[in-house]
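Participant: Got a predicted model here, sequence first, then my questions.
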Amino acid sequence: MHKVGTIFSELLKLCPRYKFEKAVEEYQSDRYVKNFTTWNQYITMLYAQIKHKDSLRDIETGLHARVSSWYHFGLRSVHRSTLADANTKRDYRVFVKMFEELLARCRAHTPEHRFHFKNELYTIDATTIDLCLTVFPWARFRKAKGAIKMHCLYDHSGALPSFLVVSDGKKHEVRAVKENPFPLSPDSIISIDKAYIDYKWLYSLDEQRIWFVTRAKINTDYAVTGQHTVPRGNVLSDERIALKGPLTKKRYPKELRRIRFYDEENKKVLTFLTNNFRFSPNTIAAIYKSRWQIELFFKWIKKNLKIKSFLGTSKNAVMTQIWIAMTYYLLLAYIKFQTKYRHTLLQLSRVIREMLFERKNLIDILTLRPERLVSLRGEPL
């Protein structure tokens, strides 16, 4: 009779193991390794993410308490000194590759965004993760403060981090996107904050047939070249403009669209700048308003993933933990897409955390009520 594996083993089956081993080979991360392989490292750190473990000793103790389940997911040994050494020395880019493979799987099953248009919709933004400078001296941000910055291309179809770059805290947002071009297809739409206004970069987007929506800076020097649509309702003006100033005009030589919109919710006038002349002013305003979703995404991962307190102090250890955390986010998203799970990702993560070592089918526990899950946990392993 076939024995049902643990929820953890089923979760690991969703990981593209072949692609992972290819990355291990590429970066030679298992060179001279006898027992604690890179896959074992991933298993251990993923466990720490799921269970919200705060220390290497806590990870070691928790896994040794479940040693009878190790064979289900291929774990051989766990020692905190070995794990610390692996996190410090093994190239974190192996887990970047894992993230990319899981992202490709997720994107094949994502639901559509809520707008009526068919264009792909993205938001670009960054969030800062504070670090103690005395513990993480390589992450100097200010004179007495350390930090790293996570730059994200957020896909509104499926709420996915479609592209990530983790940099030092001092790197400006525009510089990050210039050095690491985000993969956008023609006719995509991106909403960006004023911090990303670099007219040369914006013009490069226009040349790629990518639409952008941003807030205009107060000191923008421009000349009105014509009225685009007749203002009505909350739309105070909708104009075609040309940038003035020899340098600015050289960087963005084409016309732009400038929309002044009254935000009833916040009782203030917002001025948008876009190269899209097709959509209505209300749609442009709604696209920019949808930026709040990336803020919710940043808030969620900081609160529910272990990316604010770290198990190692080296740059490689911090990067390893962040990228493995993001692979877990994608695993949760993939399960939600595939199973049509009707509750939130937070509820899904709680269910998996509580049932991680139970010998149940993953699909079965996702359809049960919370009170039934409690009774199941009382059954012997």
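Facilitator: Structure received.

Participant: Which positions in stretch 308-325 come out as buried?
Facilitator: Using 16 or more other CB atoms under 10 Å as the test for burial, stretch 308-325 gives 310-325. From N, CA and C alone the C-beta is placed, and that goes for glycine too.

Participant: mind listing the helices for the stretch 101-250 of the chain?
Facilitator: 173-179, 199-207, 246-251 (DSSP state H, counting those that start in this stretch).

Participant: after the shortest one, next one along is what?
Facilitator: The one in question is helix 246-251. Next helix or strand after helix 246-251 toward the C-terminus (DSSP states H and E): strand 256-263.

Participant: Check which element follows that following strand along the chain.
Facilitator: strand 268-274.

Participant: Quick one: distance of that next one to the chain centre.
Facilitator: Taking CA atoms, centre = their mean, to the nearest Å, the mean C-alpha location of strand 268-274 is offset from the chain mean by 27 Å.

Participant: Only the C-alpha atoms, please, for it, written as CSV.
Facilitator: Extracted C-alpha coordinates of strand 268-274, given in CSV (Å, rounded to 0.1, in the frame of the first residue of the first chain):
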residue,chain,number,x,y,z
LYS,A,268,-6.3,66.7,-3.4
VAL,A,269,-5.3,67.3,-7.0
LEU,A,270,-3.0,64.8,-8.7
THR,A,271,-1.0,65.5,-11.8
PHE,A,272,-0.1,62.5,-14.0
LEU,A,273,2.4,62.2,-16.8
THR,A,274,2.1,59.5,-19.4
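
Participant: Tell me which residues of stretch 346-363 come out buried.
Facilitator: 348-349, 351-352, 354-360, 362.

Participant: Would you mind giving those as a markdown table with secondary structure, distance to L14 and pLDDT added?
Facilitator: Listed next are those as a markdown table, based on DSSP: H, G, I helix; E, B strand; the rest coil; distance: CB to CB, whole Å; pLDDT from 0 to 100:
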| residue | secondary structure | distance to L14 | pLDDT |
| --- | --- | --- | --- |
| L348 | helix | 13 | 91 |
| S349 | helix | 15 | 92 |
| V351 | helix | 15 | 90 |
| I352 | helix | 12 | 92 |
| E354 | helix | 19 | 89 |
| M355 | helix | 16 | 89 |
| L356 | coil | 14 | 90 |
| F357 | coil | 17 | 89 |
| E358 | coil | 17 | 87 |
| R359 | coil | 17 | 85 |
| K360 | coil | 16 | 83 |
| L362 | helix | 9 | 83 |
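
Participant: which one among these gets closest to L296?
Facilitator: Closest approach to L296 among the buried residues of stretch 346-363 (CB to CB): S349, at 15.4 Å.

Participant: residue contacts, the closest residue to that closest one other than its chain neighbours?
Facilitator: Distances taken as CB to CB, 6 or more residues apart in numbering place L332 nearest to S349, at 5.8 Å, with adjacent residues excluded. Contact analysis of L332 by CB atoms under 8 Å, 6 or more residues apart in numbering lists 345, 348-349, 352.

Participant: Ok, K303 next?
Facilitator: By CB under 8 Å, 6+ apart, no residues touch K303.

Participant: mind checking how far it is from F297?
Facilitator: Taking CB to CB, to the nearest Å as the measure, K303 falls 11 Å from F297.

Participant: cool, and E25?
Facilitator: 33 Å.

Participant: In the stretch 251-381 of the chain, where is pLDDT below threshold?
Facilitator: Counting by pLDDT under 70, the stretch 251-381 of the chain shows low-confidence ranges at 368-381.
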